[in-house]
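Engineer: prediction below, plus the sequence it came from.
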Amino acid sequence: MKRSLALTPLSKEHHLALVNAKRILDAAQQSSDALAEQWQCMRETYAADLLAHFDEEEQLFGGLLNGALKDQFEQDHCALRRLVAATGDEEQAEFARILRAHVRFEEREMFAWLEEHHSDTLATAVGTSS
């Protein structure tokens, strides 16, 4: 599915999120040491970008969403912010599982809804971000 211009950069960042989630989950299946190494890499190279991505989405879409979409969007971001500082293996794996599910939710449900119900707002967002 072709994304609106406003959502395309976020969708590209979602791909990186899925890659990171997979790496964490794969490492969790190998050993505690492999998970610790992958988690450290994620924290050093990706966590700040992820948190900035959340901030951007919240600024762009927070006021447009309602109901169950808004609830899941906010709950996922809250859980991921909390878990990005996780120190235990299970919490780190949970972070990756939530991140993977969250990206799928945004791509399959939230972005589709935004494109259907707020295409004018998205078009304006592209015009003002240039």
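Structural biologist: Ah, there it is.

Engineer: excluding sequence neighbours, find me the nearest residue to Arg3.
Structural biologist: Leaving aside its sequence neighbours, Arg3 sits nearest to Ser11 (Cβ to Cβ, 6 or more residues apart in numbering; 5.1 Å). In short, each C-beta sits where N, CA and C put it, glycine included.

Engineer: count of residues packed around the one you found?
Structural biologist: By other Cβ atoms under 10 Å, 15 other residues sit near Ser11.

Engineer: where does it fall, helix, sheet strand or coil?
Structural biologist: What DSSP: H, G, I helix; E, B strand; the rest coil gives for Ser11 is helix.

Engineer: same check, this time on Leu65
Structural biologist: Under three-state DSSP, Leu65 comes out as coil.

Engineer: could you verify my assumption that the residue nearest to Arg3 touches Met110?
Structural biologist: No. In this structure, Ser11 is not within contact of Met110 by Cβ atoms under 8 Å, at 11.4 Å.

Engineer: for the residue nearest to Arg3, give its distance to Leu83.
Structural biologist: According to Cβ to Cβ, to the nearest Å, Ser11 and Leu83 sit 23 Å apart.

Engineer: lowest-confidence helix or strand of this structure?
Structural biologist: Lowest mean confidence among the helices and strands of the chain (mean pLDDT, DSSP states H and E): helix 119-129, at a mean of 72.

Engineer: how about stretch 20-38: buried residues?
Structural biologist: Buried residues in stretch 20-38, counting neighbours by 16 or more other Cβ atoms under 10 Å, are found at Asn20, Ala21, Arg23, Ile24, Leu25, Ala27, Ala28, Leu35, Gln38.

Engineer: and that stretch, how far from the chain's centre?
Structural biologist: Offset of stretch 20-38 from its chain centre (Cα atoms, centre = their mean, to the nearest Å): 19 Å.

Engineer: mean confidence for it?
Structural biologist: If you average the pLDDT over stretch 20-38, you get 97.
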